[in-house]
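1. One predicted model, sequence on top.
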Amino acid sequence: MRVELLGPLRVLDETGTEVPVPAGRQRALLARLALDSPRALSADTLIDAAWPEGAAAPANAAGALHTQLSRLRRLLGDRIVSGPGGYRLTDADTDVADFERLAARAETAARTGAPATVRHLAEAALELWRGPALADLEHAFADTALVRLTARREAVAALLLDARIHLDGADTVLADLAARHAANPLDEPEAARYMRALAASGRQAEALALFETVRGALADDLGVDPSPVLTEAHLDILRGTAPAPTHPKANRISQPLTACIGRESELAALPELLKAGRLVTLTGPGGTGKTRLALEVIRRIGLGGRDVGMVELAPVADPSRLPEVFIDALGLGESILARGGDDPATRLEEALWNREPTIVVDNCEHLVEDVAALLASLLGRVPGLRVLATSREALGITGETVFDVGPLPTPEPDADPADLASHAAIRLFEERARQSDPAFTVDESNARTVIEICAALDGLPLAIELAAARLRAMSLADLAARLGDRFGLLGRGPRTAAPRQRTLRAVVDWSWDLLDPAEREALARLSVFNGTVDLDAACEVCATDADAITGLVDKSLVQHLSGGRYRLLETVREYAASRLAERGETAEYYTRHAEHYARLAEAAEPHLMRAEQVEWLDRLALDHGNLTAAIRRTIASGDANLAHRAVAPASWYWWMRGYRREGQELAAQVRGMEGPVDPLLRAKVAMAGNWAMWAGSLDPAAVDAGYAEAERLIQAHDLGRSEPMTQIVPIIRALLAGDEARLRAILDSLDREQDAWVRGVGLLFVSDFSGRAGRLELVEAELGEALAIFERIGERFGLILSLQAVAGVRMAAGDYAEARRLLVRAVEAEAEFGADLADSVVAETLWRIDAEHGDDPASVLERMRAMTGRAERIGNDENVVASRISAAICLRRLGRVAEARDELLDAEAALPQFRDFSDVALQLYRQLVDLARETGDPDLEIRAAGMVSGSEWPFSL
């Protein structure tokens, strides 16, 4: 057994499987025993650990301790033993003991002058740490141990730095030393080490300046003089007895500590691009891993024997120092500060002249113009130079190849867990999560949650890595639940990372700080959009111009998509929204956004009942997220008139594009809003979303009440002929009331040309009355006229329903081939709306024909099983039942009658609430009557027959 304390407490059995230990006293007792294992601890010591100060021990503390230890024994076996000295933990390894042993050996190796051994042992010791020691225990003994162990850890880290300086040269650890010094500027040994390393890298002036800074801080903050360790380092540098600069190596690229995941195609392409062109710039949003990718590319080039190097520009604020920074970073000679009046740019060109280096120039964005000028000069005068630059915008140099590094793609929510290993975002999350929990793996139990996390974080590698690291202290479910506050959640990163890469917010702050005022204003306002946006809408809503938008694209904060649309990553959008709130403009720009999309819906509405409807449906679909966001915001703000303006024209769009539940919910919310609203808008919203009645999910009586309210408003304000939707109201009411005479009277009053669409719909309804009366010739005439109307005006939805109705007539006549031809035509017309077949309103009839009359019921059965799954994923309950009805028909034809009956009985549970007004319910019970009769179940037959006879579905053929 192994007890790990260098992080949250964790117990592993002999197979490596984690043994859960309950939180509270049992974990505290185990940790206390493990810290001193195998030494025995007295009962008093353990009582103090289990009941720390502030938590009074029970009267019978010894008995309570015995109870807690007995419970631990049930988990861990007889590894907790008692004796004369008290209690001790036996037969258990601990990571603390391993760390102490490795640390001691590293210290011994350091005293004997064996830097390679020191590095090996120190790295092994530091790898044992999974986070702060005893991170999940809030007890005095844990705090004491944390202080002791952390101090030992820092000492080992210092030994490792010394070993690396000796083995690889001081310049390889300057970044680490700078980070450690920044974390504790008054730590004199660390400051001395940093000074000596700077001097050893040829940067004596910086080392001396650092001494003055630390000396001043000690005097100001503590009122003390520098200690001997700092003074000696200072004197050594002044005397020139500090270590001499190390000889530069051709390959000055450090070995990354983690694998570069998910960039296989980029790693293959970039070396070829560098061969073809001498400057390649990696662009993309912050956090996409441009630096990590560039490092891996240059490392691989270096392994081939090429002269490579890296210049890090993020810490550079003064552009005049750029040539000097290049010289120092590339190890091209002594510090330019020691050469008086030599021109740094000339020295840099001379140093590179006879060489053929490939260098990474990292983080150019904040000095982009000066970097571009320097690189243009170098590339023009040094023929063998090749540069791989990283920047959030292109350098704009002639001959530059711009390579966009985007987020990692994420799988669909319903992706097969077996295929997730092929998705880079998931692989990255899994590998980084294993650094927190070696047993972590993505499997069926957590795949959806991991996908959700990676998608919510836009596939940004940095965000995924920061999120995975949080698994040290929280569960996967807790992590997913807190993604709404991503900047707070991902507010801690590696201590040694550059400040701009340490947290998710710092990454975006860095980009924000590089924007001019107009770009900041535009970015903040762009946050009001939900989804993608076209340039005209962005400029109008944000009160900005195209230059500001395209400037944000150039700086990788706005994505320019195919088709001329723009999008913010959700991380950037959330950040920009916080900036908009800081400006006090959120409400104003929410309103501007809602007004824009209400106007778009109003402009689209007349076209949704004409031949051009597909074009306008596609136009609305592009802005579906914006339209629904606008409606929800107006509901939240209580702006009833603007909410009605946006909802009233959207009803047909929701129905035809398959957003029926969402539209029903939004319409219901808007109907309940109070305030002054145009009567026509009130009337249209009163009936909006009520098409769900045809699926049996709404109470026909409640629907009729909505139409009654619409009719009252229409009559009170003389709106009857204002537009087609107001003319439909009395037709629907006559249908619901079963009033054939009124329905026919309304049809007779319509103008056959001006009211063609309304008449076509009315003919579909009235044909049902003709069918119930057995007047089949009249049915054919009425449906034929309706079909001709919709074919003439090019309105596809009416065409689809007409084709389905005529197919019903042909089915009743036994002409299944013609019925199927008509239904295929209807499905093809429906596909123009962009709907999935599993979301179709007419395909279920086609499925029944294939199931009942197709030549191969086994293959149809297989197809229906697949269709059931698709309908379930889409959320179309009607088609889940419809596909199972067809599956039952196939089972019956295959002689599996009992299975067919059970299939229908199982599907019955998914029927809508108002089954007497549902076509799919009617079809299910018709099939169930036959199966009950065939299986000899009279009770079931009577029940199913009663449901058939009680159906009020109006289209019964």
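-> Received the coordinates, thanks. Numbers count the residues shown, from 1 in each chain.
2. Which other helices and strands does the lengthiest helix in the chain contact?
-> The helix spanning the most residues in the chain, taking DSSP state H as the definition, is helix 140-168. Judged by 3 or more CB pairs under 8 Å, 6 or more residues apart in numbering; DSSP states H and E, helix 140-168 is in contact with helix 25-36, helix 43-50, helix 95-111, helix 115-126, helix 174-183, helix 188-200. C-beta: built from backbone N, CA, C; applies to glycine.
3. Now do it: distance to the chain's middle.
-> In terms of CA atoms, centre = their mean, to the nearest Å, the centre of helix 140-168 is set 37 Å apart from its chain centre.
4. List the buried residues for it?
-> Along helix 140-168, the positions that meet the burial threshold by neighbour count (16 or more other CB atoms under 10 Å) are 141-142, 145-146, 149, 152-153, 156-166, 168.
5. just how off-centre is the helix or strand of the chain with the lowest mean pLDDT within its chain?
-> Ranked by mean pLDDT, DSSP states H and E, the helix or strand of the chain with the weakest confidence is helix 486-489, at a mean of 76. Taking CA atoms, centre = their mean, one finds the center of helix 486-489 at 13 Å from the center of the full chain.
6. What lies in contact with that helix?
-> Contacts to helix 486-489, defined as CB atoms under 8 Å, 6 or more residues apart in numbering, come from residues 456-457, 463, 467, 470, 479, 482-483, 503-505, 571, 574-575, 578.
7. With stretch 137-148 instead?
-> Contacts for stretch 137-148 (CB under 8 Å, 6+ apart): 5, 9, 27-28, 31-32, 35, 48-49, 52-53, 132-134.
8. pLDDT averaged over it - what is it?
-> If you average the pLDDT over stretch 137-148, you get 81.
9. got it, and stretch 468-483?
-> So the average pLDDT for stretch 468-483 ends up being 85.
10. gap between the two ends of that stretch?
-> From the first residue to the last, stretch 468-483 extends over 12 Å; the measure is CA to CA, to the nearest Å.
11. Run a quick neighbour tally on the nearest residue to Ser578 once chain neighbours are set aside.
-> Counting by CB to CB, 6 or more residues apart in numbering, Phe487 is the residue found nearest to Ser578 once chain neighbours are left out, at 7.9 Å. Applying other CB atoms under 10 Å, we find 17 other residues in the vicinity of Phe487.
12. distance of Phe487 from Thr503?
-> Distance, Phe487 to Thr503, using CB to CB, to the nearest Å: 8 Å.
13. Over to Arg381?
-> From Arg381 across to Thr503, the span is 40 Å (CB to CB).
14. Looking at those two, which one has more neighbours?
-> In this comparison of Arg381 against Thr503, neighbours counted by other CB under 10 Å, the higher total goes to Thr503 at 19 against 15.
15. Pull up the gap between Ser802 and Arg565, please.
-> Computed with CB to CB, the distance linking Ser802 and Arg565 is 35 Å.
16. closest to Ala594 out of the helices and strands packed on helix 140-168?
-> Closest approach to Ala594 among the helices and strands packed on helix 140-168 (CB to CB): helix 174-183, 46.7 Å.
17. about what we covered before: now the buried members of the contacts of helix 486-489.
-> The neighbour-count criterion (16+ other CB under 10 Å) marks 456-457, 463, 467, 470, 479, 483, 503-505, 571, 574-575 among the contacts of helix 486-489 as buried.
18. With respect to Arg632, which of those residues is nearest?
-> Using CB to CB, Glu574 comes nearest to Arg632 of the buried ones among the contacts of helix 486-489, at 16.9 Å.
19. hang on, isn't Ala433 packed against Leu471?
-> Yes - under the criterion of CB atoms under 8 Å, Ala433 is in contact with Leu471, at a separation of 5.2 Å.
20. any common contacting residues for the two?
-> Common contacts of Ala433 and Leu471, defined by CB under 8 Å, 6+ apart, comprise Phe440.
21. Comparing the two, which residue is more hemmed in?
-> The residue with the greater number of neighbours, taking Ala433 and Leu471 and applying other CB under 10 Å, is Ala433; the counts read 25 against 19.
22. Quick one: residues contacting the more buried one.
-> Counting by CB under 8 Å, 6+ apart, Ala433 makes contact with Phe440, Ala468, Leu471.
23. Tell me the backbone dihedrals of the nearest residue to the first one once chain neighbours are set aside, please.
-> Counting by CB to CB, 6+ apart, Ala433 is the residue found nearest to Phe440 once chain neighbours are left out, at 4.3 Å. Comment: the main-chain dihedrals of Ala433 come out as phi -60, psi -30, following degrees, to the nearest 10.
24. Quick check: pLDDT value at Ala433.
-> The score at Ala433 is 87. That number is its pLDDT.
25. list the contacts for Ser770?
-> Contacts for Ser770 (CB under 8 Å, 6+ apart) come out as Leu776, Leu778, Val779, Glu782.
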